[in-house]
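Trainee: predicted model and sequence follow; I will ask about them next.
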Amino acid sequence: MKSYLCFLIVLSCFFLNAQKSDFKHRNFEKADSIANSYENERLNNLPLLAYKLTNNLNTQVEKFRAIHTWVCSNIESDHDFADKTIRKRKRFKNDSVSFSKWNNEVQTRFFKKLFNDKKTICSGYAFLIKELSVLADIKCEIVDGYSRTVNTNVSQIDIPNHSWNAILLKNKWYLVDATLASGFFFVNENKFIKNYNDGYFLAEPELFGKSHYPLDEKWLLFDSTIALNAFVEAPLIYSNTYKHKVVPILPNRLITQVSMGNEVDFCLKIPDERKIDEISLVLSKNFRYKKIKASHSDYKNGFLRMKHRFAKKGHYDVHFKINEDIVVSYTVKVDKS
């Protein structure tokens, strides 16, 4: 029965794979070069900035690439402002009058930080992506919803906490997250680290839906029947998951319970066959990792399937790693049979 279920899920994902980006082999060097040449451009004239970024490019996808690259390279995520915003939203969750008053007051600071300091939160990234795209005659929407990380929206849902964009290119909608593509906040040094991740640019909806859930389900773009509770119970993925373009298939939940001596099926979608030799299944405890041997492993049609038999009782944190990058995490609870 498990093998049949895996076959059905893999078959479903195979058909979804037919909707992958039409632009994955396109060369964006010219677009990136133009974006980088305007590194110090200010935001006081968005129409002029949009013109400079796109005028010498021929296709919409190249124009959007230049816009996306410029925003990710020149705008800094404001972690402190983001934290304060989330706290205020939670505080006024059930007080719409107070929330509306606070929201109106914060708008001035929001735009001042963006336009004067080039610092913002996710909604600022999404706003700027949309404004520049529209000025370049590219249809773009802001999508609000839930972002899932190791610290948020795990097992249970909280308030909506993220914004990203949907872009119409060649009569097809694509998804981007300029906030997460631009870099990350290094807590130990209390500063933002620019570290562009191309995996969030025109990301596959199938992968994007593992860490983003829109308030309007039509922006899932791949399966509007997925439930919100399934989203928060799914395996954990990371920025490196986007970097390597890996999609977890099985188990479809973060926590799996099995009886001692039984096998757990793991299945990943890995389009790039060259990564197979770089991938490993590991157990972790106290930040120490131990590679485990699969009782069965095969790669077929872009899907890697591995099985592992858990012989001892206990709770195990199980990860897939590509070289040193963790790309998917699970918890396996093994009980006595």
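Mentor: Received, thanks.

Trainee: so where do the helices sit in the protein?
Mentor: Residue ranges of the helices in the chain, as given by DSSP state H, are 2-16, 29-37, 46-54, 60-74, 79-91, 96-112, 122-135, 178-182, 205-208, 228-232, 239-244.

Trainee: lowest average pLDDT across these?
Mentor: Lowest mean pLDDT within the helices of the chain: helix 2-16, a mean of 39.

Trainee: may I see the helices of the chain arranged in a markdown table, with mean neighbour count as well?
Mentor: C-beta here means a position set from N, CA and C on the backbone, and glycine is covered the same way. Shown next, in a markdown table, are the helices of the chain (neighbours: other Cβ atoms under 10 Å):
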| stretch | mean neighbour count |
| --- | --- |
| helix 2-16 | 13 |
| helix 29-37 | 16 |
| helix 46-54 | 18 |
| helix 60-74 | 24 |
| helix 79-91 | 15 |
| helix 96-112 | 12 |
| helix 122-135 | 22 |
| helix 178-182 | 24 |
| helix 205-208 | 22 |
| helix 228-232 | 15 |
| helix 239-244 | 20 |
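
Trainee: and these: which comes nearest Ala311?
Mentor: helix 2-16 (18.5 Å; Cβ to Cβ).

Trainee: list the contacts of Phe192.
Mentor: Glu76, Ser77, Asp78, His79, Gly183, Phe184, Phe185, Phe186 (Cβ atoms under 8 Å, 6 or more residues apart in numbering).

Trainee: and if you look at Tyr242?
Mentor: Tyr242 touches Leu180, Asn197, Gly199, Tyr200, Ala203, Leu207, counting by Cβ under 8 Å, 6+ apart.

Trainee: next: Thr152.
Mentor: Listed by Cβ under 8 Å, 6+ apart, the contact partners of Thr152 are Asp158, Asn161.

Trainee: circling back to that earlier point, Asn151: which of the contacts of Tyr242 is nearest?
Mentor: Of these, the one sitting nearest to Asn151 (Cβ to Cβ) turns out to be Leu180, at 14.0 Å.

Trainee: chain neighbours aside, what residue packs nearest to that closest one?
Mentor: Tyr200 (5.3 Å; Cβ to Cβ, 6 or more residues apart in numbering).

Trainee: the nearest residue to Ser133 once chain neighbours are set aside: neighbour count?
Mentor: The shortest distance from Ser133 to any non-neighbouring residue, by Cβ to Cβ, 6+ apart, is to Cys140 (3.8 Å). When neighbours are defined as other Cβ atoms under 10 Å, Cys140 has 22 of them.

Trainee: swap in Glu217?
Mentor: 15.

Trainee: what does Phe115 give?
Mentor: 15.

Trainee: from Asp137, how far off is the spatially closest residue to it that is not a sequence neighbour?
Mentor: Distances taken as Cβ to Cβ, 6+ apart place Leu43 nearest to Phe115, at 4.7 Å, with adjacent residues excluded. In this view, Leu43 and Asp137 are 20 Å apart by Cβ to Cβ, to the nearest Å.

Trainee: now swap in Phe222 and tell me
Mentor: Phe222 is 27 Å from Asp137, by Cβ to Cβ.

Trainee: in terms of neighbours, single out the busier of these two.
Mentor: Phe222 (15 against 10).

Trainee: surely the more buried one touches Glu206?
Mentor: Yes. The pair Phe222 / Glu206 is scored as a contact, 5.3 Å apart, by Cβ atoms under 8 Å.

Trainee: pull the longest strand from this protein.
Mentor: Determined from DSSP state E, the single longest strand within the chain is strand 325-335.

Trainee: buried ones in it, by neighbour count?
Mentor: For strand 325-335, a neighbour-count test (16 or more other Cβ atoms under 10 Å) marks Asp325, Ile326, Val327, Val328, Ser329, Tyr330, Thr331, Val332, Val334 as buried.

Trainee: and the fourth one, what does it touch?
Mentor: Residues near Val328 by Cβ under 8 Å, 6+ apart: Pro235, Leu236, Ile237, Thr241, Val246, Pro248, Leu268, His319, Phe320.

Trainee: export those to CSV and tack on distance to Asn151?
Mentor: Supplementary listing: the contacts of Val328 in CSV, determined by distance: Cβ to Cβ, whole Å:
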residue, distance to Asn151
Pro235, 15
Leu236, 10
Ile237, 14
Thr241, 16
Val246, 21
Pro248, 19
Leu268, 24
His319, 17
Phe320, 20
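
Trainee: separation between the residue lying closest to Tyr238 once chain neighbours are set aside and Ser337?
Mentor: Nearest non-adjacent residue to Tyr238, counting by Cβ to Cβ, 6+ apart: Ile326, 6.1 Å away. Using Cβ to Cβ, Ile326 is found at 30 Å from Ser337.

Trainee: please apply the same query to Lys293.
Mentor: 22 Å.

Trainee: equivalent analysis for Leu207, please.
Mentor: 36 Å.

Trainee: same question, Ile279
Mentor: Applying Cβ to Cβ to Ile279 and Ser337 gives a distance of 30 Å.

Trainee: please identify which of those two sits among more neighbours.
Mentor: Using other Cβ under 10 Å, the more surrounded residue of Ile279 and Ser337 is Ile279, with 20 against 9.
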